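> 3D model of this:
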Amino acid sequence: MLRVLMILVPLALSIYAFIDCITTDEQDIRYIPKPIWAILVLLFPVVGSVSWLIAGRKRAAPGGAGRPGVRSAGGGGGWVAPDDNPEFLKSLNDKGHKDDGDEPADTPGDRESDEERLRDWEADLRRREEELRRKGEGPGSGSGSGSGSGSGPEDTPPAAS
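Below you'll find the model as predicted:
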C-alpha cells in the first residue's frame, strides 16, 4: 500500500499543479513565463510541482479582502456569479436602452409585426384545415360532417411541408 501511495501522491500533486498552472492568469504568475512553468511541472513532477505551488503563483493575502468570490479593486479575485456581478447586471440593464441602430425588444413596431405574423399563421391554419375538410369529403367518405368518433380530418395533424 505504501508503494501505491508513493506513486499516487506525486502523480496527484503533478496533475493539480499542472492544471493550476495552465488555468492561472498570466498576470498572476511570478518569476518565469507560464509555458516554462508548465514544462517544469511536467518534466520534473515533484520538484516542479512543489516549486510552482510555493513560488510560481501570486497567492491571495491571508484573511481575504472582502466577500469571498468578489474581485477586489486590485484585481486577482475569484469567480463571481452573474446575479452577484454588478457589471453583468448593468450590461443587461443597458442592453435594452442602447441606441446602436437596433430598436429595443419591446417596441410598438415589433408588436405590430408580431400581430401581423400571427394573422398570417392563423390564415394559413384555416386554409390547411379547409383543404383537409375537402379531402375528407371526397368520394367514399361517410357523412362528411366531421362529427364522427375520432376519424375526421380535425383529428389528423396537417402534413409537414
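
> how about the CA coordinates for the lowest-mean-pLDDT helix or strand in the chain, as PDB?
For the chain, scoring each helix and strand by mean pLDDT, DSSP states H and E identifies helix 86-95 as the least confident one, at a mean of 80. In PDB, the C-alpha atoms belonging to helix 86-95 read as follows (Å, rounded to 0.1, in the frame of the first residue of the first chain):
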ATOM      1  CA  PRO A  86     -22.800  44.400 -10.800                       C
ATOM      2  CA  GLU A  87     -21.100  44.800 -14.200                       C
ATOM      3  CA  PHE A  88     -23.100  42.000 -15.700                       C
ATOM      4  CA  LEU A  89     -26.400  43.300 -14.200                       C
ATOM      5  CA  LYS A  90     -25.600  46.800 -15.600                       C
ATOM      6  CA  SER A  91     -24.900  45.400 -19.000                       C
ATOM      7  CA  LEU A  92     -28.300  43.700 -19.000                       C
ATOM      8  CA  ASN A  93     -29.900  46.900 -18.000                       C
ATOM      9  CA  ASP A  94     -28.100  48.900 -20.700                       C
ATOM     10  CA  LYS A  95     -28.800  46.400 -23.400                       C
END
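
> Now do the buried residues in the helix or strand just after that helix.
Past helix 86-95, heading to the C-terminal end, the next element that is a helix or strand (DSSP states H and E) is helix 108-136. Using 16 or more other CB atoms under 10 Å as the burial criterion, the residues of helix 108-136 that qualify are 132, 136. For the C-beta atoms, the positions are set from N, CA and C on the backbone; glycine is no exception.
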